[in-house]
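A.B. asks: What follows is a predicted protein model with its sequence.
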Amino acid sequence: MHIDLGDFASNSPVTNAKIELTAGNVTVAGTLSKGTYEFKAPWVTTPGHYPLTFSINAGEKSDLLVGELDIPDPPA
C-alpha cells in the first residue's frame, strides 16, 4: 500500500513523517520510498472491509486519521 502525504496548508509533500497504519489488531510502520510512504499490508489483496487508522508525526505536528478501505470481490 502506498500513501502520499501532503501539508494541509500548502499541499507540499511531507517527507519527514513517521506514519503507523493500524488495521484491526495489526500495526505496521510506513517507510519513505520515492516520495511516498509504503506499508507492507498483504491483506489489501483480500476482499473485505477494513477500518484503518493512520498515526502521523512530523516534527512538532501530529495527526490521527481514521477511515475505511473496501476491497470488492473480483468480477465473476
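C.D. replies: Nice, thanks for sending it over.
A.B. asks: CA atoms for contacts and neighbours, from now on please.
C.D. replies: OK.
A.B. asks: Touching, Leu69 and Pro47? I think so.
C.D. replies: No. Counting by Cα atoms under 8 Å, Pro47 is not a contact partner of Leu69; they are 9.9 Å apart.
A.B. asks: what distance separates the start and the end of stretch 69-76?
C.D. replies: 21 Å (Cα to Cα, to the nearest Å).
A.B. asks: starting at the chain centroid, how far to that stretch?
C.D. replies: Stretch 69-76 sits 19 Å away from the centroid of its parent chain (Cα atoms, centre = their mean, to the nearest Å).
A.B. asks: how far away is the residue lying closest to Gly48 once chain neighbours are set aside from Thr45?
C.D. replies: Spatial nearest neighbour of Gly48, chain neighbours left out: Ile71 (5.3 Å); criterion: Cα to Cα, 6 or more residues apart in numbering. Between Ile71 and Thr45 the computed distance is 8 Å (Cα to Cα).
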